[in-house]
Each structure stands twice: as C-alpha cells, then as structure tokens.
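> model this:
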Amino acid sequence: MKNLDIMRTGGAALVVSLMALHHGSTEAAAQAAYDPMQPPQAALLPGGESSDSGLEPEEEAVASLNPDFENMPDTTGVEETYYTCSACHSVAIVKQQRISDERWNYLWNWMVEEQGMHEPDARTKEIILSYLTTHFSSER
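Residues are numbered from 1 along each chain as shown. Below is the predicted model:
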C-alpha cells in the first residue's frame, strides 16, 4: 500500500525527474555521436591511409560548413555544386546521399539525359563530381 501512496503523491515528480535526467543524457550523447554528414577525418581512416579525395589533407580535415550554401562543406567545388544542384531540387537531397562514386556518375548522366539538366563544360562537371564523391560518397 505504501508503494501506491508514493505513486499517488510523489510518483509524478519522480517520473518528471527521471525523464529530465534521461533527456539530458540523451542530448549529451547525441551531441557526441558520429555525424555522417561531416567529412571524414584523416585520423579515422584505417592504417592512416589517405582518402584520395583530391583535396589537401588540411582542407579535408577541417572542412567547415558554409552557411551561404546551405551548410554544405566549404571546399573546392561548393559554389558550382550548390548552384547546379539547387537549380532543380533541394540541396538537402544532395546532403543526405551516401552513394558510390559510380552511382554519382550514373545519376549525373540520368539527370542530363532523362531530366533535362543542363550539362556544364567538362571542367565544371569534373569539379562537381569530385565535390560530390568527396563529401557525399559511400566509399569515404
């Protein structure tokens, strides 16, 4: 009977306190959790291998997010990628991808051939595909 009295009187406060503790620890854990949208850090690669992204190691390791381009990684190709992709769809679609380099090439051709995307010159295409495969590839 005493347990029922605790539940009736102080049980709600206990539940609220436990929920606050639970949510506080969850937020702390979420803040420290792995973020797949961040570029890979060289120290995280097995055996100290490079990611072969074409970027300088310092640029890849410290790629900050650019608020002018919807928080895409601020490295070579961000502007070209942003304007080409956002002309047809949300940049959020790009940022959520984790597909192979081969699939990025396939999607590029599909968007040009089937969706009517304007294909930029070869150098711009190379810059954009390099940016996409560096930051949004399942292979890195």
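> contacts, neighbours, all on C-alpha from now
Noted.
> domain ranges for the chain?
According to automatic domain parsing, the chain comprises the domains 2-32, 42-135.
> hey, least reliable of those by pLDDT?
Across the domains of the chain, domain 2-32 has the smallest mean pLDDT, namely a mean of 44.
> which helices and strands sit right next to the helix or strand that contains residue 127?
Applying DSSP states H and E as the criterion places residue 127 in helix 122-135. Here helix 122-135 touches helix 78-86, helix 101-113, going by 3 or more C-alpha pairs under 8 Å, 6 or more residues apart in numbering; DSSP states H and E.
> again, only this time at 10 Å
Applying 3 or more C-alpha pairs under 10 Å, 6 or more residues apart in numbering; DSSP states H and E, we find helix 122-135 packed against strand 72-73, helix 78-86, helix 91-95, helix 101-113.
> Go ahead and confirm residue 83 touches residue 72.
No. The pair residue 83 / residue 72 is not scored as a contact, 11.8 Å apart, by C-alpha atoms under 10 Å.
> Common neighbours of these two, please.
When contacts are counted by C-alpha atoms under 10 Å, 6 or more residues apart in numbering, residue 83 and residue 72 are jointly contacted by residue 91.
> Looking at these two, which is more packed in?
Higher neighbour count among residue 83 and residue 72: residue 72, with 23 against 12, using other C-alpha atoms under 10 Å.
> I'd like the distance between the more buried one and residue 88.
17 Å (C-alpha to C-alpha, to the nearest Å).
> May I have the residues that are in contact with residue 129?
77, 81, 101, 104, 105, 108, 136.
> rerun at 7 Å
If a contact means C-alpha atoms under 7 Å, 6 or more residues apart in numbering, then residue 129 has no contacts.
> Could you do residue 107 as well?
No contacts exist for residue 107 under C-alpha under 7 Å, 6+ apart.
> Could you do residue 69 as well?
Here residue 69 is in contact with residue 82 (C-alpha under 7 Å, 6+ apart).
> Distance check, it against residue 127.
16 Å.
> Tell me how far residue 100 lies from residue 64.
23 Å.
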